[in-house]
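Asker: need a structure here:
(2 chains)
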Amino acid sequence: MSQPTQKDRSASLPESGFALLRVDQASLVVPRDDIRILELTIDVDRNEPPSRGVGWIAFGPQRCPVYCPSQELGWMDAVAENRPVCAVVASEQRIFGLLCSEAGLIANDEIVFQELPPAMATPGSPIRRLATYQGALACVSSAADLLADILSAQASDDLLLEEAT
Amino acid sequence: MESIAWLLNFGNGQLAVVGRRELLHLVPQPALFEVPRAPRHCSRVLIWQDRIVPVWDMLAWLAPNSRAVNASLLAVVGYQSGPRQVPRFGAVLLAEPPARVVVADTQACELPQDQSAWGRIASSSFCHEEKPIGILDLPLMFSGACAGKPAANN
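Answerer: Okay, here's the model as predicted:
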């Protein structure tokens, strides 16, 4: 693994910067532009949640699915403790909510990116890179990567259901 | 011909060596960070000299269903994937500080066939105190060739 360089840093920075979503002890970094709004988890409608989700949140005229990631980035079917914030994020494909412990914007000069070590890469993982932020580790992803992971988990569930019936 | 190497003890009687120049730093009681969705044998990182260094848990590699061990000692290792390639870094969890050993060509031996997990990450092996010991292939271990493929048995 090479030492982080200024090139790594500049190549990885969208102009708008990044946002940090904390999920228990894990820190997830996504492009700031992916965040639409921060809502409160108490405003999530938990009736008839989507597959791998925990409920729905209103965003303008839309009703968007809400998902609760675990610290290990699994998709839980119940709202975990200490998830007071619902970050409404958008990929090109869909707008959806992510429950997290806290969420905030981070300055570009406070974060240093590094490639995900090859030994840690697994197929389908939504984590694209790693980073250091305030002396700790952060995992870099995006709304699109997280949505792809959710859809993949839902597809696996559907397949299992088909096999069982 | 003889070479100096470092004997690494991973616990549970599991030993291997790395080259004299490959062992860079010992870190007692390291602060490690979990990376979600990473392979269990390499699911943690160390922030070392402003780098994010992957940490290899040999006991998890050898016995994928074993319980995770607390990290009390860690060795930072350096390697190159080829001549004139940039140095790269990794780390391995240890049960005790490394010991210096001298390895002679005459000690070369084969790893037993039932130790396939060692065979996948050892470039060669030698006989030490009547036991075959693997010489770790660090570029292979940290290359990703082993990612997502935990050892089936040891």
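
Asker: host element of the residue nearest to B:Ser81 when sequence neighbours are not counted?
Answerer: Excluding its sequence neighbours, the residue lying closest to B:Ser81 (CB to CB, 6 or more residues apart in numbering or on different chains) is B:Pro139, at 4.5 Å. Using the backbone N, CA and C atoms, a C-beta is placed for each residue, glycine as well. Assigned by DSSP states H and E, B:Pro139 belongs to helix B:138-141.

Asker: Which strands and helices lie in contact with that helix?
Answerer: Packing contacts for helix B:138-141, counted by 3 or more CB pairs under 8 Å, 6 or more residues apart in numbering or on different chains; DSSP states H and E, involve strand B:73-79, strand B:88-94.

Asker: report the angle between the axes of the first one and strand B:88-94?
Answerer: Spelled out, that is strand B:73-79. Counting by axes from the mean of the first three to the mean of the last three CA atoms, to 10 degrees, strand B:73-79 lies at 150 degrees to strand B:88-94.

Asker: Which stretches in chain A count as strands?
Answerer: A:18-23, A:26-31, A:35-40, A:55-59, A:62-69, A:75-76, A:85-90, A:95-100, A:102-106, A:111-115, A:129-133, A:136-140 (DSSP state E).

Asker: Using TSV, lay out those strands together with mean neighbour count and distance to chain B.
Answerer: Below are those laid out as TSV (neighbours: other CB atoms under 10 Å in any protein chain shown; distance: least, CB to the nearest CB, whole Å):
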stretch	mean neighbour count	distance to chain B
strand A:18-23	22	9
strand A:26-31	22	6
strand A:35-40	16	20
strand A:55-59	19	23
strand A:62-69	21	9
strand A:75-76	17	12
strand A:85-90	23	17
strand A:95-100	25	14
strand A:102-106	15	17
strand A:111-115	20	5
strand A:129-133	20	5
strand A:136-140	21	4
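
Asker: Which of these sits closest to B:Ser81?
Answerer: strand A:111-115 (14.1 Å; CB to CB).

Asker: now the closest one, how far from the centre of its chain.
Answerer: 17 Å (CA atoms, centre = their mean, to the nearest Å).

Asker: Name the strands paired with it and say parallel or antiparallel.
Answerer: strand A:129-133 (antiparallel) (DSSP bridges).

Asker: now the strand it pairs with: mean pLDDT?
Answerer: Per-residue pLDDT values over strand A:129-133 give a mean of 96.

Asker: What lies in contact with that strand?
Answerer: Strand A:129-133 is contacted from outside by A:4, A:12, A:20, A:27, A:29, A:106, A:110-117, A:137-140, B:35, B:45, B:47, B:50, B:52, using CB atoms under 8 Å, 6 or more residues apart in numbering or on different chains.

Asker: Can I get the helix holding B:Pro139 in CSV? Just the C-alpha atoms.
Answerer: Presented in CSV, the C-alpha positions along helix B:138-141 are these (Å, rounded to 0.1, in the frame of the first residue of the first chain):
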residue,chain,number,x,y,z
LEU,B,138,3.7,-11.3,2.1
PRO,B,139,2.9,-9.9,-1.4
LEU,B,140,0.6,-12.8,-1.9
MET,B,141,-1.1,-12.5,1.5
